[in-house]
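**Q** Give the three-dimensional model of this entry:
(chains A and B)
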Amino acid sequence: MDSPEAIQHFLGIDWEATWRDLALHYSSITWAFVLDIVVDYGVYLVSAFGLFILFAAGQYSLGHAGLVGIAAYSTAVMVVKFGVPFWLSLPLSGLAGLLAGIIYYYLLGARLSGFYLAIATFAVSEALVTLWLSTDYLGGALGMHGIPLASQWHTVLIVVAIVIFGLWRLQKSRFWLSFLAIRESPIVAGAMGVNVAGTRMLAWGIGGFITGIGGNLWAHRVTIIAPPEFSLNLTFILLLGVLLGGLRTFWGTVAGGAFVYFVPWLTTTDEPRYRLMLYGLTIVLVLVFRPGGLLPVGAPKKRTVEDLRRIAEQAAAPPGAKTGGD
Amino acid sequence: MTAGYFTELIFIGIATGALYAIVAIGFNLVFGTMNVLNLAHGATMMVGSYGLLLVFYVGLDNFWLAAIVGMVLATITGLMIERLTVRPLRGHWWNTKIATLGAAVFLENLVQVITNGHPQNVPRPFDPTYYAIFGSFEVSDFQVLLIVVSVGVMLGMVWFLKETKWGRAIRVLAQSPDIAKCIGININRITIIGFGISGALAGLAGILNAATFGSTYPFVGLLLGLKGIVVLIVAGIGNMRGALYVGMVLGVVETMAVGLGGSTYRDLVAYVAMVLILLVRPHGLFGEEGRVVREV
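**A** Model prediction:
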């Protein structure tokens, strides 16, 4: 049994060395490195937007990594096996994601809701990982390699800008209102004339399309994709970005994703286990103390007692009378 | 392929499934009553197995004492999870689920940091002896122990829920929290009792798993917890007997898939079966019609 050394390792932490490592970590940050992380963040953000759309329509998915994986694998097949150029593969993988989203809708979204939907999407995601692991055409456990590094900063910048513009337009449209209505209560939404099934399918389609583009950027960023990358950890990190920012507007996801990507680099060295520990603790604290999201992005302005009194006076005043205090 | 090999696979499957059943019953107690899917259940199992190790580390070389300490630690973990992540978020099913997932990620990585992440050897309570029953068909006494314990846990839970005061209160809570309040049930106390027992069962499952495989590691609860959820959903929520049967069948099917197909199909079988059953019978095989989760 080797637990004695293990426990000594914890109690006898070499703090000097830890500080030295941290100092080295900060001093070794270069602009190229920062740019690298920012581009990673942009790639991540597109996939997180896909999840955000699903959440906005109340389709609580716990298996978003599966959808990202479908997009990344379809990209890899197109690029590696058929030699499709990057600019063409981008819309094509978006379409693949859209198709996958529609299939997800018909299989799960249309039949299950709430908790069952979350668990079923999760199971599908894990089953997909197993499927990729055992498919020789897709490289099995080794995954697929030889994807060109096409997600340079300018490409990612353009794609993220287009996606954000699209989301901004979507949030101004009436579809957005029906998404929110369905999330709050499908029954009331249906009674108010919202096409519940159609809107859900729309959410899966749009979410799938954006995730498809995100998965494409992802594959072109890491250049080697393997099945284990698309398991629970990726789902958890995507969820964290969406939930930390809150579900009010997509700017919440932008902010939450920034937290997920940048805070660990500021506080720890690149040890993934410290990072995950921090994530776990953060999400518990945020949900308990700020259930609406860490950042008050897009939160409705709080009404004070004075505001309410003014509104009441305006309502009570006879038409034509002056409003205001007495 | 001989008949002996086949029977042996079935028996190994039942023993593996017995473990899944204990996990699922622990889930069931919390999920069937408070509609809280405690995703930190797997992490609680892991804490139980490390509690076992702690006793050996201190120098006491007694497996049964260590098992008790492990179960106590797991119970405390269950209570902490209830107090820190579930109670403050009561009424938000989605947030509660994510908070327990966050607690699980935190606990698992904490233990990984503390123990440096290496798998740790766990001493066995006794060396298993194999008994040949039908010629080549061999059964170990450890497998028998697993099956006996899981059947005992199931019967104990059924008795607890049907006959005792607390168990009845838990069932009232499962039916309607409002009615429970009206007839004077202290919801906080009953909830914490449920989480405590569930934590103890998680610890038991973690210890049995560690003793079966002779080792434990920080992420041991992840896969086992998932299997527990699969069993829970296929069997139907709130049904202890169903959980036992489905757990054992799942164990047999998995062992068959490994023995006949290959180890990659092991998890695929479970997940595909779960999705199919969810689509056909959302309330599970043994669940009551209409007893689906309220989205509180």
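**Q** Could you report the neighbour count for residue B:61?
**A** Residue B:61 has 10 neighbours, counted by other CB atoms under 10 Å in any protein chain shown. Heads up, the C-betas are built off the backbone N, CA and C, glycines and all.
**Q** A strand includes it, no?
**A** No. Counting by DSSP: H, G, I helix; E, B strand; the rest coil, residue B:61 is not part of a strand but coil.
**Q** Spell out which residues sit in contact with it, please.
**A** Neighbour list for residue B:61: residue B:123 [criterion: CB atoms under 8 Å, 6 or more residues apart in numbering or on different chains].
**Q** Roughly how far does it sit from residue B:125?
**A** 12 Å (CB to CB, to the nearest Å).
**Q** Check what pLDDT the residue of the stretch 201-326 of chain A found nearest chain B gets.
**A** Across the stretch 201-326 of chain A, the shortest distance to chain B (CB to the nearest CB) belongs to residue A:280, at 3.1 Å. Looking at residue A:280, its pLDDT stands at 84.
**Q** Enumerate the positions of the helix or strand hosting it that are buried.
**A** For residue A:280, the host element (DSSP states H and E) is helix A:272-289. Along helix A:272-289, these residues count as buried under the neighbour rule (16 or more other CB atoms under 10 Å in any protein chain shown): A:273-288.
**Q** and for it, what are the contacting residues?
**A** A:233, A:236-237, A:240, A:243-244, A:259-260, A:263-264, A:267-268, A:293-294, B:84-85, B:88-89, B:95, B:98-99, B:101-110, B:112-113, B:117.
**Q** In chain B, where's the longest helix?
**A** Determined from DSSP state H, the single longest helix within chain B is helix B:3-34.
**Q** so what does that helix touch, helix or strand wise?
**A** If contacts are counted by 3 or more CB pairs under 8 Å, 6 or more residues apart in numbering or on different chains; DSSP states H and E, helix B:3-34 sits against helix B:41-58, strand B:137-140, helix B:141-163, helix B:165-175, helix B:187-213, helix B:220-235, helix B:240-256.
**Q** Can you flag the weakest of these by average pLDDT?
**A** Taking the mean pLDDT of those, strand B:137-140 comes last: a mean of 74.
**Q** ok, and the closest non-adjacent residue to residue A:224?
**A** With CB to CB, 6 or more residues apart in numbering or on different chains as the criterion, residue A:224 has its nearest non-adjacent residue at 4.3 Å, and that residue is residue A:145.
**Q** for the strand or helix carrying residue A:263, packing partners?
**A** Using DSSP H and E, residue A:263 sits in helix A:250-267. Here helix A:250-267 touches helix A:31-56, helix A:153-172, helix A:232-245, helix A:272-289, going by 3+ CB pairs under 8 Å, 6+ apart.
**Q** rewinding a little: and the next element down the chain from the helix holding residue A:280?
**A** From helix A:272-289 onward toward the C-terminus, using DSSP H and E, the following helix or strand is helix A:305-316.
**Q** one step back: just the angle between the longest helix of chain B and helix B:165-175, please?
**A** 80 degrees (axes from the mean of the first three to the mean of the last three CA atoms, to 10 degrees).
**Q** and the angle for helix B:3-34 with helix B:41-58?
**A** Going by the same axes, to 10 degrees, helix B:3-34 makes 110 degrees with helix B:41-58.
**Q** can you give me how far helix B:3-34 is from the chain middle?
**A** A distance of 9 Å separates the C-alpha centroid of helix B:3-34 from that of its chain, computed with CA atoms, centre = their mean, to the nearest Å.
**Q** buried sites along that helix?
**A** B:7-34.
**Q** shaky segments in chain A?
**A** Along chain A, segments meeting pLDDT under 70 span A:1-15, A:18, A:266-273, A:292-303, A:318-326.
**Q** before we move on, the earlier item: would you mind putting the helices and strands packed on helix B:3-34 into JSON lines with mean neighbour count alongside?
**A** Formatted as JSON lines, the helices and strands packed on helix B:3-34 follow (neighbours: other CB atoms under 10 Å in any protein chain shown):
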{"stretch": "helix B:41-58", "mean neighbour count": "26"}
{"stretch": "strand B:137-140", "mean neighbour count": "18"}
{"stretch": "helix B:141-163", "mean neighbour count": "17"}
{"stretch": "helix B:165-175", "mean neighbour count": "18"}
{"stretch": "helix B:187-213", "mean neighbour count": "23"}
{"stretch": "helix B:220-235", "mean neighbour count": "25"}
{"stretch": "helix B:240-256", "mean neighbour count": "23"}
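**Q** For chain A, which of the ones you listed is the nearest?
**A** helix B:41-58 (4.7 Å).
**Q** continuing past that closest one, what's the next helix or strand?
**A** Next along the chain after helix B:41-58, taking DSSP H and E as the criterion, comes helix B:63-81.
**Q** Who are the packing partners of that next one?
**A** Contact analysis of helix B:63-81 by 3+ CB pairs under 8 Å, 6+ apart lists helix B:41-58, helix B:93-115, helix B:187-213 as its packing neighbours.
**Q** Can you point out the buried residues in it?
**A** Those would be B:63, B:66-71, B:73-81, for helix B:63-81 by 16+ other CB under 10 Å.
**Q** So what touches it?
**A** Here helix B:63-81 makes contact (CB under 8 Å, 6+ apart) with B:38, B:40, B:43-45, B:47-56, B:60, B:100, B:103, B:107, B:123-125, B:192, B:195-196, B:198-200, B:202-204, B:206-207, B:211.
**Q** tell me how far it is from the chain's mean position?
**A** That offset, for helix B:63-81, works out to 14 Å (CA atoms, centre = their mean).
**Q** for stretch A:211-225, same thing?
**A** Distance of stretch A:211-225 from the chain centroid (CA atoms, centre = their mean) equals 14 Å.
**Q** Ok, stretch B:201-215 next?
**A** 10 Å.
**Q** quick one: that stretch near chain A?
**A** No. Counting by CB under 8 Å from any CB of the partner chain, chain A has no neighbours in stretch B:201-215; the shortest distance is 10.1 Å.
**Q** Tally up the residues packed near residue B:128, please.
**A** 16.
**Q** whoops, residue A:31 was the one
**A** Around residue A:31 there are 7 residues (other CB under 10 Å).
**Q** The one 4 residues further on too?
**A** Using other CB under 10 Å as the criterion, residue A:35 is surrounded by 12 other residues.
**Q** Skipping its backbone neighbours, what lies nearest it in space?
**A** Closest to residue A:35 by CB to CB, 6+ apart is residue A:153, at 6.0 Å.
**Q** Surely that neighbour is in contact with residue A:41?
**A** No. Using CB atoms under 8 Å, residue A:153 makes no contact with residue A:41, being 10.9 Å away.
**Q** could I get stretch B:269-286 in PDB with only the CA atoms?
**A** Only the C-alpha atoms of stretch B:269-286 are listed here, as PDB (Å, rounded to 0.1, in the frame of the first residue of the first chain):
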ATOM      1  CA  VAL B 269     -25.200  -2.100 -24.200                       C
ATOM      2  CA  ALA B 270     -26.200  -0.300 -21.000                       C
ATOM      3  CA  TYR B 271     -26.700   3.100 -22.400                       C
ATOM      4  CA  VAL B 272     -28.500   2.000 -25.600                       C
ATOM      5  CA  ALA B 273     -30.800  -0.100 -23.500                       C
ATOM      6  CA  MET B 274     -31.500   2.800 -21.200                       C
ATOM      7  CA  VAL B 275     -32.400   5.200 -24.100                       C
ATOM      8  CA  LEU B 276     -34.600   2.600 -25.700                       C
ATOM      9  CA  ILE B 277     -36.500   1.900 -22.500                       C
ATOM     10  CA  LEU B 278     -36.800   5.600 -21.800                       C
ATOM     11  CA  LEU B 279     -38.500   6.100 -25.200                       C
ATOM     12  CA  VAL B 280     -40.900   3.200 -24.800                       C
ATOM     13  CA  ARG B 281     -41.600   3.200 -21.100                       C
ATOM     14  CA  PRO B 282     -40.600   6.500 -19.500                       C
ATOM     15  CA  HIS B 283     -41.700   5.300 -16.100                       C
ATOM     16  CA  GLY B 284     -39.400   2.300 -16.300                       C
ATOM     17  CA  LEU B 285     -40.000  -1.400 -16.400                       C
ATOM     18  CA  PHE B 286     -41.200  -1.800 -12.800                       C
END
